[in-house]
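Trainee: dropping a prediction and its sequence here:
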Amino acid sequence: LKQPTGRYGGRTAEERQAERRRRFLDAALGLFGDSPGFRGTTVAALSEEAGLSTRQFYEEFRTLEDVLAALHLQVNDWAEQAALAGLATAEGQSITERATAAFRAYAANVTGDPRRLRITFIEIIGVSPRLERQRLERRSRWVDFICAEAAAAAERGEAVQRDYRIAAAAFIGSVNGLLHDWQAGWVDATLDEVVEELVQLLLGILRPPGWSPGAGDGP
């Protein structure tokens, strides 16, 4: 369909398109992230929830899977921005303070809205090979995030020098699993206690038994 140009109601065509897209994604967060879930939602139901028409839906997306893909990326962007903001508050501090600040901000973001957690950990699973690639690619960004912090800590003499990619991948799985279980009520702890456990787990990876500052590199 040919996209409109010019201004209408004081807004450009691009601004109106961005507003429609935001309304569809907001509606999807409610329907996919709560009830009836992605698999139980239709284009008509999503359009009605957004207060838009199905014609407008197909001007922005090809399928509901496209909406889920965009929403999954958005939820991860929010979490990444929160973690980076947390790190910024601990600039120049030790790896313990930096990890605590980053994980506290990340955990507060992803658990603050259970719908976001469901999008990331439940609704995205098993939809299609395309979304599985996206999920793994996005997880890879979190692995890079951990590896970068680990490498910086090692340069400062706060951690062993080694390749952290496998350990970071395992750690990210632990973070996701623990936060999901905590949100579901299966972990009897406060969120601060959960964050503290994650920080101690990370420090155990960065500083294995027998290592001390100046003790040399690991294998």
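Mentor: Cool, got the structure.
Trainee: verify the stated contact: N76 with F121.
Mentor: No. With contact defined as Cβ atoms under 8 Å, N76 does not count as touching F121 (11.4 Å). All C-beta atoms are positioned from the backbone trio N, CA, C, and that covers glycine.
Trainee: more neighbours: which of the two?
Mentor: N76 (21 against 17; other Cβ atoms under 10 Å).
Trainee: the host helix or strand of the more buried one: how far from the chain's middle?
Mentor: Assigned by DSSP states H and E, N76 falls within helix 64-88. Averaging C-alpha positions (Cα atoms, centre = their mean, to the nearest Å) puts helix 64-88 5 Å from its chain's average.
Trainee: now do the buried residues in that helix.
Mentor: By neighbour count with 16 or more other Cβ atoms under 10 Å, helix 64-88 contains the buried residues 64, 67-72, 74-76, 78-80, 82-83, 86-87.
Trainee: what sits up against that helix?
Mentor: 21, 24-25, 28-29, 32, 38, 41-43, 46, 61, 98, 101-106, 108-110, 116, 119-120, 123-124, 127-128, 130-131, 134-135, 138, 141-142, 145, 149 (Cβ atoms under 8 Å, 6 or more residues apart in numbering).
Trainee: wait, R104 sits on E193?
Mentor: No. Assessed by Cβ under 8 Å, R104 is found out of contact with E193, at 11.5 Å.
Trainee: domain parsing for the chain?
Mentor: 13-62, 65-206 (the TED database).
Trainee: may I ask which helix or strand of this protein has the lowest mean pLDDT?
Mentor: Ranking every helix and strand in the chain by mean pLDDT, DSSP states H and E puts strand 7-8 at the bottom, with a mean of 48.
Trainee: right, and the helix or strand after that strand?
Mentor: Using DSSP H and E, the helix or strand that follows strand 7-8 in sequence is strand 11-12.
Trainee: the longest helix along the chain to helix 64-88, inter-axis angle?
Mentor: The longest helix of the chain (DSSP state H) is helix 129-155. Interaxial angle, helix 129-155 versus helix 64-88 (axes from the mean of the first three to the mean of the last three Cα atoms, to 10 degrees): 10 degrees.
Trainee: now the residue nearest to the spatial centre of the chain: how far from I205?
Mentor: Nearest to the mean C-alpha position of the chain, by Cα atoms, centre = their mean, lies N76 at 2.8 Å. Plainly put, N76 is 23 Å away from I205 if you go by Cβ to Cβ, to the nearest Å.
Trainee: now do the same contact list for the closest residue to I125 other than its chain neighbours.
Mentor: The shortest distance from I125 to any non-neighbouring residue, by Cβ to Cβ, 6 or more residues apart in numbering, is to R135 (7.6 Å). Residues near R135 by Cβ under 8 Å, 6+ apart: 72, 124-125.
Trainee: dump the domains of the chain into a markdown table; add mean pLDDT and distance to P213 as well.
Mentor: Listed next are the domains of the chain as a markdown table, based on pLDDT from 0 to 100; distance: least, Cβ to Cβ, whole Å:
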| stretch | mean pLDDT | distance to P213 |
| --- | --- | --- |
| domain 13-62 | 93 | 45 |
| domain 65-206 | 91 | 5 |
